[in-house]
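> Have a look; sequence and predicted model below, questions after that.
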Amino acid sequence: MSHPSRTQRDGPWAWFDKASMNKIRVRCEAAPSCMAVYLALCELASDEQSPSFCVTLRSIMAKSGLSRRTVLARLHDLEFIGLVEITRQFQAGEQQPSAYRLLRCQFRGYLDKGGSATIAPPSARKVTHPLHPLGKE
């Protein structure tokens, strides 16, 4: 039995930047969980119809299906490689939902003509520590 293809008329879509996903594949040691968090952020941004939005950590955990500890680690990775800007907000000493801004990906290179990530040269290998010599791009 054949099913018709989905169209935009079937309901909302959430889009993500392919260059950002390729950057995650090349630069993040824990790429699968990093992609899950990035996709959750893309969906939340789509819900707000803006690249900037405020959400709780619990919302990101629910969308990504990951634990608090993993989400926190992957948010740090995404911030470190320059794909998201996070403004942590406090009121009367208590943390409030953080403000997130998805950033334009400046990743160029290490992509084949079809847009897929290729093996990166040693100078662009994965980030494994916040003090990694590559720093932000």
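The structure has been received and is ready for your questions. Every value quoted in this text rests on a predicted model; they were computed, and no experiment measured them.

> since we're on residue 20, how many residues are nearby?
24 (other C-beta atoms under 10 Å). For every residue, glycine as well, the C-beta is placed using N, CA and C.

> secondary structure class for it?
With DSSP: H, G, I helix; E, B strand; the rest coil as the basis, residue 20 sits in helix.

> isn't it right up against residue 38?
Yes. The pair residue 20 / residue 38 is scored as a contact, 6.5 Å apart, by C-beta atoms under 8 Å.

> Common neighbours of those two, please.
Common neighbours of residue 20 and residue 38 (criterion: C-beta atoms under 8 Å, 6 or more residues apart in numbering): residue 83.

> Now do the strands in the chain.
52-55, 84-91, 94-102 (DSSP state E).

> mind giving me a markdown table with these and columns for mean neighbour count?
Supplementary listing: the strands of the chain in a markdown table, determined by neighbours: other C-beta atoms under 10 Å:
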| stretch | mean neighbour count |
| --- | --- |
| strand 52-55 | 16 |
| strand 84-91 | 12 |
| strand 94-102 | 15 |
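
> Looking at the ones you listed, spot the one closest to residue 33.
Closest approach to residue 33 among those is made by strand 84-91 (14.6 Å; C-beta to C-beta).

> Need the mean per-residue confidence for the closest one.
Averaged over strand 84-91, pLDDT sits at 91.

> Tell me where the model's unsure across this structure.
Across the chain, the ranges flagged by pLDDT under 70 are 1, 8, 107-137.

> Number of residues surrounding the nearest residue in space to residue 20 that is not next to it in sequence?
Nearest non-adjacent residue to residue 20, counting by C-beta to C-beta, 6 or more residues apart in numbering: residue 105, 4.4 Å away. Residues lying near residue 105 (other C-beta under 10 Å) number 18.

> okay but residue 105 is in contact with residue 16, surely?
No. Residue 105 is beyond contact range of residue 16, at 10.3 Å (criterion: C-beta under 8 Å).

> Buried ones in the helix ranked longest in the chain, by neighbour count?
Longest among the helix segments of the chain by residue count, using DSSP state H, is helix 31-48. For helix 31-48, a neighbour-count test (16 or more other C-beta atoms under 10 Å) marks 31, 33-46 as buried.
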